[in-house]
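> below: sequence and its predicted model.
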Amino acid sequence: MLRYTVRRILMIIPLLFLVSLGVFALVLLIPGDPAITIAGENATEAQIDATRERLGLNDPVLVQYASWAGNALTGDLGSSLFSNESVVGAIGGRFPVTLSLTVAAMVAALLIAVPAGITAALRRGRWQDRGATLFASVGISLPNFWVGILLIMAFALAFPIFPAVGYTPLSDGVGPWVLGLVLPGITLGTAVAAEITRQLRGSLSDTLQQDFIRTARANGLTARAVIAKHGLKNAAVPVVTVMGFQIGFLLGGSVIVERVFGLPGLGDLAIRAVLQRDIPMIQGIVVVSALIVMLVNLVVDLSYGWLNPKVRQA
Amino acid sequence: MTTTAPTDGLDGREALAPPEPTARARFVRRFRRQLPAQLALGYLVVVVAGVALAPLLATHDPLVQNLNGVLQPPGGGHVLGTDDLGRDVFSRALYAGRVSLVAAAEAVGVAVLLGVVPGLVAGYAGKAVDAVIMRVTDALMSFPPLILAIAFVGVLGPSLTNAMIVIGVIFAPRFVRLVRGTVIAIREETYIEASRSIGTGTATVIRRHVLPNALSPLIVQISLTAAMAMLAEASLSFLGLGVQPPDASWGSMIERGFRYTASAPWLTVFPGLLIALTVLAFNLLGDGLRDSLGREIRRGS
């Protein structure tokens, strides 16, 4: 297990290198002279030169990359071109909102998908199964901003149960925090719920056809115990993988859901940065979100070792 | 279970079919059992025809404003109502559908172009080349797709073409993996070895054996990717980073309508329904094709 863990962690290094190259290359993609773009269209020659100097654009590309990557490794992603706020500080300030939203979405997804997936697997071919399969197809096809708007129309305007927009920090009380996250969580979680339902249905019904399940039943274990203890644990491997894959989708989707519900999270920061062409901020957000995806995938891979001992030798 | 003799009797050619059916006959037979996929195909044909014939079907000019008739509910002179500038929603939806479908096609085209060749190279070359190509695709897949798209569009400037090229680049790794997988799976087959041993060049082997084998999974992946590309376009346009006014796509129509959620819900409901149904159709068609084409591949990766 230790060797597997170490090897898996070491695999991140080349990946990090490539990701950093890609993010750095964003600057090279700016059409024309980045200094003019960044300094603004009405900047004077002197301002443009100053910008070029400040960004180190006079240095060779490799030197630029080395200094950018070196700073990034020490946790310095530069500062905003507009507010002089440090990129890391801005991201840190917004992060709790996006984390809350992502967790809310995952909770909503599991609350829908686990019962739906298990029911579908146990009632294969019956109406419960058809219903769950239909939900799985429809759920991944709905644009999430549309789902959000429909939910606002129904549960914030027609029946004012939940707030339509805004975020209440956890420090203002657990109740308002949760209440404000219900609709955004369902909005972001629907597609994830659909994906997990599909995966859980498939892997659980495969698992339940295995010999050891029949043996466990023959040994007198109740159906409930067999499903919970033998079925679900073995069916969990592909499901956990899918949940890991979803983290990238959740981070991207949070940009949209934050826009719909007016939540001041990372996505909101990203949109502002893009509209202002705040390049260091854009780079910072991309790096941090890629890092989150890599770390989640690492955790997922390591959890295989626990769920399925065979992986440890691989 | 598999006896279909009674229905075969209705069609003379079917009954006389040779015992070893052609790939096409097998596909048709299997696809006929996929009702959802057939409905999806029918729906897509209607939508494509509808947006292609938009100039004939539109009841109004999609760009003409009528400030005396803004936010009119569906019915009356406007089937789906009017928007905040008094423009006919039905006619706008037809033209916006063109933008949405063409955008999805562009993204899929870019993804296929960028995916197939590296996939072939990775599968054939193996070793170091394969490792490099796969690490690059891994790295590309570690970015949350939408965030990467937003970042690129932010750097390049908002435009639909920029957005779709970026979406295509982001989806390319799926095609790299798929083609590479096919190449690796059949590289060691005896008939490839036989073909090589009589001096067939790599290019011919690829054209004659590899690509036909990769075609079925490619078609399936194209349909599923079209669904994702449509959603991505809708999302970017909703954020104002895709299509720019006065042009509209279904996603940007929702963005505009979002400001009038309380007073004019039809502005968001109808375009959203069109996106959802079209994406669902691409997904169902992809699933149906997967179950009808090639070997029985039940589970996606």
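That came through fine. Numbers count the residues shown, from 1 in each chain, chains lettered A, B, ... in the order given.
> hey, let's count contacts and neighbours off CA atoms from now on
Fine.
> what does the stretch 101-250 of chain A have sitting close to chain B?
Contact residues (Cα under 8 Å from any Cα of the partner chain) of the stretch 101-250 of chain A with chain B: A:137-138, A:140-143, A:145-146, A:149-150, A:153, A:157, A:247-249.
> if you rank those by neighbours, which is first?
Highest neighbour count within these: A:Phe145, with 30 neighbours (other Cα atoms under 10 Å in any protein chain shown).
> in what helix or strand does that residue lie?
Per DSSP states H and E: A:Phe145 is located in helix A:144-152.
> ok, then the element right after that helix?
Per DSSP H and E, helix A:144-152 leads on to helix A:174-207 as the next helix or strand towards the C-terminus.
> what helix or strand is the residue nearest in space to the middle of chain B on?
In chain B, the centroid-proximal residue (Cα atoms, centre = their mean) is B:Ala226; its distance is 1.5 Å. Following DSSP H and E, one finds B:Ala226 within helix B:211-238.
> and the contacts of the helix or strand that that helix is followed by?
Using DSSP H and E, the helix or strand that directly follows helix B:211-238 along the chain is helix B:250-258. For helix B:250-258, the external contacting residues (Cα atoms under 8 Å, 6 or more residues apart in numbering or on different chains) are A:146, A:149, B:83-84, B:93, B:96-97, B:100, B:233-240, B:242-243, B:264-265, B:267-269, B:271-272, B:274-275.
> stretch B:54-71 too?
Stretch B:54-71 is touched from outside by B:50, B:81-92, B:94-95, B:246, B:264, with contacts defined as Cα under 8 Å, 6+ apart.
> picking up where we left off before, and the helix holding A:Phe145 with helix B:250-258, angle?
30 degrees (axes from the mean of the first three to the mean of the last three Cα atoms, to 10 degrees).
> about what we covered before: tilt between the helix holding B:Ala226 and helix B:250-258?
20 degrees.
> quick one: list the elements packing against helix B:211-238.
Counting contacts by 3 or more Cα pairs under 8 Å, 6 or more residues apart in numbering or on different chains; DSSP states H and E, helix B:211-238 packs against helix B:89-125, helix B:160-187, helix B:250-258, helix B:266-292.
> one more time with 10 Å
Helices and strands touching helix B:211-238, by 3 or more Cα pairs under 10 Å, 6 or more residues apart in numbering or on different chains; DSSP states H and E, are helix A:144-152, helix A:232-261, helix B:89-125, helix B:145-156, helix B:160-187, helix B:250-258, helix B:266-292.
> wait, does the last one contact chain A?
Yes. For helix B:266-292 and chain A, the contact criterion (Cα under 10 Å from any Cα of the partner chain) is met by B:268-269, B:271-273, B:275-284, B:287.
> what sits against the spatially closest residue to B:Ala281 that is not a sequence neighbour?
Leaving aside its sequence neighbours, B:Ala281 sits nearest to B:Ala40 (Cα to Cα, 6 or more residues apart in numbering or on different chains; 4.4 Å). By Cα atoms under 10 Å, 6 or more residues apart in numbering or on different chains, the contact set of B:Ala40 is B:34, B:46, B:277-286, B:288.
> is B:Ala40 within a helix or a strand, and which one?
Going by DSSP H and E, B:Ala40 is part of helix B:35-52.
> gap between that helix and the chain center?
Distance of helix B:35-52 from its chain centroid, counting by Cα atoms, centre = their mean, to the nearest Å, is 13 Å.
> one more: stretch B:204-222?
18 Å.
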